[in-house]
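J.: Structure of the sequence below:
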Amino acid sequence: MEFALVFPIVLLIILAIIEIARLLFAWVAIENGARFGARYAITGDYDRAHCALFPGAICDNQFERDNARMPTIRDNARAGAAAIWRDDASLPGQPGYLKVTVCSNKTGVMYFPADSGAGLSADCQPGEDPGGPGNRVSVTLDFDHPIIAPIISSWVPQIRLTARREGFVEQFRVARVVGLPATISVPTFTATPTHTSPPPTVTNTPTSTPCKVPPLITIVRPSEGDYMGGPGSKLYSYATAYDPDNSDPVTCNGVGPDGDGIWEVEFEFFWWDGSGWAWRYSDIDYVDAYCAFGGNAPCNGHPVSTGNWPNGRPMESGLHKMSARALDDEGVWSEYAEVTFTLGIPPSPTPSPTPTPSCDGVSFGMFRSYDSARVAQFINNTSYPGLEVVAVTANWNPLETGSDLYGWSEYLDWMRWYATRVHNGNDSHSTTRSNRGMPQTVAEGNNASYIYIDFDGGFEGNVGQAPLGLNSSNFGFTVEFSDSACNLSSGAAASTFPTPTVTATMTPTPTVTRTPTNTTTPTVTNTPTITNTPTVTPTPSDTPPPTNTPTPNCNLIQNIGTRLKNNAFGIRLINHNPQTAYLTGSTLQWNTAYAPPMHFDYFKFQGDAYYNTDSFSSPVSGSAGAIALSSGVDRWWEAYFDLSGQSFNGHYAATLTFNFPGFGNCQIGGNYYVAPPPTPTNTQPATATYTPAPTNTPAPPTLTPTITSTPDLNWDG
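T.: Residues are numbered from 1 along each chain as shown. Below you'll find the model as predicted:
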């Protein structure tokens, strides 16, 4: 009788102790998650996998990079709070619900703290923001901790826990400064001369030591203090940049030509809102002259009277700042160059309601193709706020014709409108129309929205193959809008696809037309026309085009990225020369610490595999024949390995040889290093970590069931 009376009370106390322990454990976990998220947010870094929704799967500007930072911060916060009993399917107010809120103190962004008593989660209006350099960023975790004890859970099904951490975003956009004094290389040179007269060789060694300094950039337009306003006024942006260690690799003192050793120049425009510099527009230019609004020197101007930036954001009158920095071919950024100027925006465009519902500014924008057999057609909308797209049609008849002709078995894999997938694809016949997920808003601005298409099949290895190529003439698009008067259409006919047989029959016909020229020879009176034959010799006048042959420049074939991915070491290359370059050979140096069984398998470029010879030693050299890299095209060169379960780390370096017919060879190098994992196998047998395990076994038998339950419910995503 006494046991029956006491047992429920004892059981309730035991359950309460268990729930209090779980509650404390969950509280520590979300505190840890907030700390993880905030520590990552202040670095400004992001996971490149979150760039997959953008064209080319690359974050090309700060807007896209900030959009990739948001999910990366959330991923790190969830990873820090991995031990909680989270249920991603739970709704707000239900057990297991977790919300991660990222907010900054940028102008116009407001943070609303959580109210645990009312069950309200933290919020950020008008939207979450990761902050920029110098901003304060906060990461808040709101978690409805589930109660599992049978008796207690009927009274309290969940308890709201909140954790918040904040910090200042680092200056992650500031350029790195790399300067190596020439004296570092002196000991390596003094060991080689054995003569009794080393002083002259010692004096020569500093001159032979290559210097390494950041690139230099100069803003040409606008000038400091400029004012742009009034009818017809335009804002110009023009910068020059060069890399001293490319222009003068000995002393870095020479002045280099514009674009020498430069990969890209990034422009950013800010408006002084009274309390700080508010970002308004960004652009990147890869070719000199470097312009933020397109064109060539002295660059295009952006009309101030439009009242909008090219991305659709409104322009404000007042003080503005333009920042520009350059990235060299070694991945080093220059210091920021900055100028301030004033804009006077005419007041007439803003109050006038008449031009708003106009289709005049709705048009096709730029067309881009990518090495992964993807194309993007951009849409301009500068005159119709609130316009929506209701259907999209893609005409790819020439690609289908080429697929049938060459046996590529090509098909449309998917189609997106901006980030929304509107067609799941697997369409092997042109044309392709879809209204899935419609309507979608057409963003305002030039090139503010785009149609993004991915193709699969055998064409990936022949993206640049003539006569097709991924160019705008081989694609057509029809865009249907909520206002049918704005509908757009561009065509691509299958007849424009030139078959190889037609080109072969066309070439002999002009040679036949030259035979009638022999009829002039019987006329004796035409002997003076013989003097005309030298005048007919425009063939020497055609010699000026060969003056273009010296234009190939080895500095214009650039390494724009290296990586170790899956089982391949890769170098991303771009050819800025107007002529096609041909890969003729490659030499690879690789980490043989795990060979055998790990070994080199083959090289691959433009989808073509070459030198399929297994090798367990380094270096490995192979001939590529002549694989074309067209002008303006960027491609990955890759060296594939059979890892055989080994680690892919250490130092990997390659030298690639490209040939320009009639010009000569260019060599481009690239390297990548990954530190081996800091887990030496000798430490595990030596450490006595297993001796405390027996001492721990009696204490945590109650912990083992909680540990086994948390992974099962935590890794549901």
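J.: quick one, helices of the chain?
T.: 2-41, 62-80, 150-155, 186-190, 198-208, 244-247, 397-406, 500-506, 508-513, 527-536, 538-541, 683-686, 692-696, 703-714 (DSSP state H).
J.: quick one: contacts of the second one?
T.: Contact with helix 62-80 is made by 29, 32-37, 39-41, 44-48, 50-51, 54, 59, 86, 98, 100, 102, 128-130, 139, 141, 268, 279, 282, 311, as judged by C-beta atoms under 8 Å, 6 or more residues apart in numbering. In this view, the C-beta of every residue, glycine as well, is placed from N, C-alpha and C.
J.: So what's the model's average confidence on it?
T.: Average pLDDT, helix 62-80: 90.
J.: buried set for it?
T.: By neighbour count with 16 or more other C-beta atoms under 10 Å, helix 62-80 contains the buried residues 62, 64-70, 72-78, 80.
J.: still on that earlier bit, now the buried members of the contacts of helix 62-80.
T.: By 16+ other C-beta under 10 Å, the contacts of helix 62-80 give 29, 32-37, 39-41, 44-46, 50-51, 54, 59, 86, 98, 100, 102, 128-130, 139, 141, 268, 279, 282, 311 as buried.
J.: which residues in the stretch 251-400 of the chain form strands?
T.: For the stretch 251-400 of the chain, applying DSSP state E, counting those that start in this stretch gives strands covering 262-272, 277-285, 290-291, 301-303, 318-328, 337-344, 362-370, 374-381, 388-395.
J.: Any chance of CSV for those strands, columns mean pLDDT and distance to Asn435?
T.: Listed next are those as CSV, based on pLDDT from 0 to 100; distance: least, C-beta to C-beta, whole Å:
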stretch, mean pLDDT, distance to Asn435
strand 262-272, 91, 37
strand 277-285, 88, 32
strand 290-291, 92, 38
strand 301-303, 89, 34
strand 318-328, 92, 41
strand 337-344, 90, 41
strand 362-370, 86, 18
strand 374-381, 88, 16
strand 388-395, 92, 4
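J.: Can you check which of those gets nearest to Tyr236?
T.: The closest of the strands of the stretch 251-400 of the chain to Tyr236 is strand 301-303. By C-beta to C-beta, the value is 4.5 Å.
J.: Neighbouring strands - and their directions - for the closest one?
T.: Strand 301-303 pairs in its sheet with strand 234-236 (antiparallel), by DSSP bridges.
J.: Could you list the low-pLDDT ranges of the chain?
T.: 171-210, 230-231, 347-356, 371-372, 458-469, 492-550, 677-717 (pLDDT under 70).
J.: quick revisit: quick one: which of the buried residues of helix 62-80 is nearest to Ile219?
T.: The closest of these, once distances to Ile219 are taken by C-beta to C-beta, is Gln62, at 18.5 Å.
J.: how many neighbours does Gly254 have?
T.: If you count neighbours by other C-beta atoms under 10 Å, Gly254 ends up with 12.
J.: My error: substitute Asn671 in the last question.
T.: Neighbourhood size, Asn671 [other C-beta under 10 Å]: 14.
J.: and it, bridged to which residues?
T.: In beta-bridge terms (that is, DSSP bridges), Asn671 pairs with Ala653.
J.: if I read this right, it contacts Gly650, doesn't it?
T.: No: Asn671 lies out of contact with Gly650 (C-beta atoms under 8 Å); the separation is 10.9 Å.
J.: Please list all residues in contact with Ser449.
T.: 378-379, 381, 389, 417-418, 442-443.
J.: Kindly report the same for Ser121.
T.: Applying C-beta under 8 Å, 6+ apart, we find Ser121 in contact with 92, 99, 101, 114, 140, 142.
J.: Please name the nearest non-neighbouring residue to the most centrally placed residue in the chain.
T.: Of all residues in the chain, the one closest to the mean position by C-alpha atoms, centre = their mean is Ile58, 2.1 Å from it. Leaving aside its chain neighbours, Ile58 sits nearest to Cys51 (5.6 Å; criterion: C-beta to C-beta, 6 or more residues apart in numbering).
J.: which ones are touching that neighbour?
T.: Contact analysis of Cys51 by C-beta under 8 Å, 6+ apart lists 57-59, 64, 68.
J.: Tell me the one among those residues nearest to Asp608.
T.: Closest to Asp608, out of all of the contacts of Cys51 and judged by C-beta to C-beta, is Ala57, at 22.2 Å.
J.: before we move on, the earlier item: can you redo the contacts of Ser121 as a markdown table with distance to Val250 and neighbour count?
T.: Formatted as a markdown table, the contacts of Ser121 follow (distance: C-beta to C-beta, whole Å; neighbours: other C-beta atoms under 10 Å):
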| residue | distance to Val250 | neighbour count |
| --- | --- | --- |
| Pro92 | 65 | 11 |
| Lys99 | 58 | 16 |
| Thr101 | 54 | 23 |
| Ala114 | 61 | 21 |
| Thr140 | 55 | 27 |
| Asp142 | 60 | 24 |
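J.: Which of these sits closest to Asn447?
T.: Once C-beta to C-beta is applied, the member of these that ends up nearest Asn447 is Thr101, at 31.6 Å.
J.: and the gap between that closest one and Tyr640?
T.: In this view, Thr101 and Tyr640 are 43 Å apart by C-beta to C-beta, to the nearest Å.
J.: ditto for Ala52
T.: As judged by C-beta to C-beta, Ala52 and Tyr640 stand 23 Å apart.
J.: neighbour count winner among these two?
T.: Tyr640 (17 against 12).
J.: just to revisit the earlier point, neighbour count added to the contacts of Ser449, as TSV?
T.: Below are the contacts of Ser449 laid out as TSV (neighbours: other C-beta atoms under 10 Å):
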residue	neighbour count
Phe378	18
Ile379	26
Asn381	26
Val389	25
Trp417	25
Tyr418	19
Val442	24
Ala443	15
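J.: ok, now how distant is the residue nearest to the centre of the chain from Ala77?
T.: 25 Å.
J.: Need the CA coordinates for stretch 251-259. CSV is fine.
T.: Extracted as CSV, the C-alpha positions of stretch 251-259 are listed here (Å, rounded to 0.1, in the frame of the first residue of the first chain):
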residue,chain,number,x,y,z
THR,A,251,61.3,45.3,-59.9
CYS,A,252,57.5,45.9,-60.2
ASN,A,253,58.4,49.6,-60.8
GLY,A,254,57.3,49.8,-64.4
VAL,A,255,54.0,51.2,-65.6
GLY,A,256,51.9,48.5,-67.3
PRO,A,257,49.3,48.7,-70.1
ASP,A,258,45.7,48.6,-69.2
GLY,A,259,44.5,45.1,-68.5
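J.: Next, the buried residues of it.
T.: 252, 256, 259.
J.: Touching, the first one and Asn246? I think so.
T.: Yep, that's Cys252 we're talking about. No: under the criterion of C-beta under 8 Å, Cys252 makes no contact with Asn246, lying 9.4 Å away.
J.: quick one: contacts for the nearest residue to Gly131 once chain neighbours are set aside?
T.: Beyond its immediate neighbours in the sequence, the residue positioned closest to Gly131 (C-beta to C-beta, 6+ apart) is Ser104, lying 3.2 Å away. For Ser104, the contacting residues are 129-132, 135-138, 169, by C-beta under 8 Å, 6+ apart.
J.: Dig out what Ser104 forms beta bridges with.
T.: In this entry, Ser104 is beta-bridged to Val137, by DSSP bridges.
J.: Next, work out how far apart it and Arg69 are.
T.: Distance of Ser104 to Arg69, computed by C-beta to C-beta: 11 Å.
J.: just the strands in the stretch 501-650 of the chain please.
T.: With DSSP E, counting those that start in this stretch as the criterion, the stretch 501-650 of the chain has strands at 557-565, 568-575, 581-589, 599-605, 608-610, 620-629, 634-642, 650-660.
J.: what are the pairing partners of the second one, and which direction each?
T.: Okay, so that is strand 568-575. Per DSSP bridges, strand 568-575 is paired in its sheet with strand 557-565 (antiparallel), strand 634-642 (antiparallel).
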